[in-house]
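Asks: what would the 3D arrangement of this be:
(one chain, ligands or ions: 1)
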Amino acid sequence: MNKLLTALAIAITVSLSGPLYASGDHDSDHSHGLMASNAAATQDAGAQSAAADNDADHPWLTAGGAQLAADDLAAATEALGAQLTDEESVIDVRRDADDKTWAVVLGGFCKSETDCTQYTRELSLDQQDLQAGLSGAQPADMKLNIVPMTLPSVHMANVVIQAQVEPFRGNQSGLAGNDDVKRVQQGLNAVGISTTVDGWYGNGTTSAYATWQRRLGYSGLDATGIPGPSSLTSLGSGRFVVTNKILVGSRTTFAGKRVNTRTSAMLTAAQRLFGRSISLTQGSYNAGGVGASAGTHDGGGAVDINISSLSQTQVWQLVKALRTVGFAAWYRPTSASWNRHVHAIAIGDTDMSLSARNQVADYYVGKDGLAGHRPDNTPAAYRVPFTWWEKY
Ligand SMILES: [Zn+2]
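Replies: Down below sits the predicted model:
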C-alpha cells in the first residue's frame, strides 16, 4: 500500500507542478495533503512510476460490487473533501463483498493538450461519514490504478461557458473551446447518445448531454444539459481528461442567504473591489420563492442585492465590481414587479436554472436578461469584458 500511496502522490504532484498544460488559472482553496511529501518528484519520474504501477486488484470496479445511487456521488465528494484535487471527480460509489464502501475517483494530468494520462483511485468511505455528509473523512484504505494512454484534454470551463451562451443565443465564434465541445460530442456519440459533432454547444448537444446525466442517475438541476464535473469526468473515461474544472461546492450562506461556495467566494471578491459590504435580499436554490424572479433563482449562482442605501453612482460601481469577478449583473430599477435592486448570476455556475442560463446568454450579447431582451442599461464606463470566476 505504501508503494501505491507513493505512486499516487507522485502522480498528483505531476498534475499540479509546472510547467503543465492547462493548469487551473484560478486555483481553488482545496488543500493537497497527498502531494506535500513528494513535492520534489520530477515529472518524468512521476510518469514512469505511475505507468509502472498498473494495479489490477479491483475486479469489482469493472465487474461486480453494488453500485450506489447518484446522490451518493455528491455525498462522497463532500465526505472526501480535501482528499480530492481539483483535477479529480468521484464518478462512482460502490459497496464491495465485504460491505466496505468505496468512492471511485477518476483524475488525470496532461503534458500537452493531446497527451494526458488518466488514473482511477478508490477511497474507502466510512458509512456514517457518507450518510452524515461529513467533510474531511479520512479514507482508511486506498487503491490506485494508473491508465497510461495518450488522451486529449477537455477544458471544462470553456465547454460550460458555451453550454450557457449558445443554446439561447446561437453559435458564438468568439467563445474558445470548439475542439473541447467536439470531444464532448464525440464522447456522447461513443456512449450511444447521438449528437452532431460540430463544436457548437446548442440545444441538440444540451439535450444529448441531459440524456447522459439522466443515465448516470441525475435529475433536476443536475440534469439540465450543462456539464458538471462528475458527469463530464465520467464521459471522459478512456476518452479525454478534464482540465480547468468548475466546482461550485456545497451550499452555504452569504449575508444570511443561501448560495453555494463558489458564489460566496465571488461575492466576497466583489465586496473587496466595491469597498462596501454587500447585503442580499434573495439568494440561490430558491425555487418558487419569489414569483417575479421567473425561475432565475431556482438553481445556483443567483443573487439579488439590496441597494436601498446606495447612490446611483455606487450602484454602477457595484455592477462593475460584480461583472469584474464573473457575474452577469444588472441594475433593476423599481418596477411593478420589484423594488430597485441588482440582480446577478454567477457565469459558469453548473447548478444554474435554465432561465438563469438564458440570462447569461443575454449578458454575453449585451442584453438585459429580461423578457423584452432590451439593451443592457449599464453606462459604458461601468462595463467590462465578459469573464468568469475561474478566469478572473
Ligand atoms: Zn434576481
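Asks: which ones are touching residue 226?
Replies: 160, 163, 164, 206, 209, 350, 352, 357 (CB atoms under 8 Å, 6 or more residues apart in numbering). C-beta here means a position set from N, CA and C on the backbone, and glycine is covered the same way.
Asks: what's the domain layout of the protein?
Replies: The chain is divided into the following domains under automatic domain parsing: 2-149, 155-243, 251-382.
Asks: secondary structure element for the closest residue to residue 274 other than its chain neighbours?
Replies: Of all residues not flanking residue 274 in the chain, residue 321 sits nearest, at 4.1 Å (CB to CB, 6 or more residues apart in numbering). Assigned by DSSP states H and E, residue 321 belongs to helix 312-325.
Asks: hang on, the earlier thing: does the residue nearest to residue 274 touch residue 276 like I think?
Replies: No. Contact criterion CB atoms under 8 Å: residue 321 and residue 276 do not qualify, at 9.4 Å.
Asks: so for these two, which residue has more residues nearby?
Replies: Set residue 321 next to residue 276 and count neighbours by other CB atoms under 10 Å: residue 321 wins out with 23 against 12.
Asks: what residue lies at the spatial centre of the chain?
Replies: Centroid-nearest residue in the chain, with CA atoms, centre = their mean: residue 246, separated by 2.8 Å.
Asks: about what we covered before: which one of the contacts of residue 226 is nearest the ion?
Replies: Nearest to the ion among the contacts of residue 226 is residue 352, at 12.1 Å by CB to the ion.
Asks: ok, the closest one touching residue 164?
Replies: Yes. Residue 352 is in contact with residue 164 according to CB under 8 Å; the separation is 7.4 Å.
Asks: the bottom helix or strand of this protein by mean pLDDT?
Replies: Using mean pLDDT, DSSP states H and E, helix 43-52 stands out as the lowest-scoring helix or strand of the chain, at a mean of 32.
Asks: show me the beta-bridge partners of the residue of the chain found nearest the ion.
Replies: Residue nearest to the ion within the chain: residue 343 (3.6 Å; CB to the ion). Bridge pairing for residue 343 (DSSP bridges) gives the partners residue 304, residue 330.
Asks: hmm, residue 332 and it touching each other?
Replies: Yes. Counting by CB under 8 Å, residue 343 touches residue 332, with 5.4 Å between them.
Asks: which one's more surrounded, these two?
Replies: residue 343 (27 against 21).
Asks: could you measure from the residue of the chain positioned farthest from its centre over to residue 292?
Replies: Distance to the chain centre peaks in the chain at residue 336, reaching 36.0 Å (criterion: CA atoms, centre = their mean). According to CB to CB, to the nearest Å, residue 336 stands 9 Å off from residue 292.
Asks: out of the contacts of residue 226, who's the most crowded?
Replies: Within the contacts of residue 226, residue 164 tops the neighbour count with 32 neighbours, counted by other CB under 10 Å.
Asks: residues contacting it?
Replies: For residue 164, the contact set (CB under 8 Å, 6+ apart) comprises 226, 347, 348, 352, 357, 360, 361.
Asks: do the same with residue 179
Replies: By CB under 8 Å, 6+ apart, the contact set of residue 179 is residue 199.
Asks: please name every helix or strand in contact with the helix or strand that residue 103 is a member of.
Replies: Secondary structure assignment for residue 103, by DSSP H and E: strand 101-112. With contacts taken as 3 or more CB pairs under 8 Å, 6 or more residues apart in numbering; DSSP states H and E, strand 101-112 sits against helix 2-16, helix 71-80, strand 89-95, strand 115-125, helix 229-236, strand 241-243.
Asks: only C-alpha atoms, please: export it in CSV.
Replies: Extracted in CSV, the C-alpha atoms of strand 101-112 (Å, rounded to 0.1, in the frame of the first residue of the first chain):
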residue,chain,number,x,y,z
THR,A,101,-18.0,1.4,0.6
TRP,A,102,-15.6,2.8,-1.9
ALA,A,103,-15.6,6.1,-3.8
VAL,A,104,-14.2,5.6,-7.3
VAL,A,105,-12.2,8.7,-8.2
LEU,A,106,-11.1,9.5,-11.8
GLY,A,107,-8.3,12.0,-12.3
GLY,A,108,-5.7,12.9,-14.8
PHE,A,109,-2.7,15.0,-15.7
CYS,A,110,-1.6,16.4,-19.0
LYS,A,111,1.8,17.1,-20.6
SER,A,112,0.1,18.9,-23.5
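Asks: thanks again, I'm all set now.
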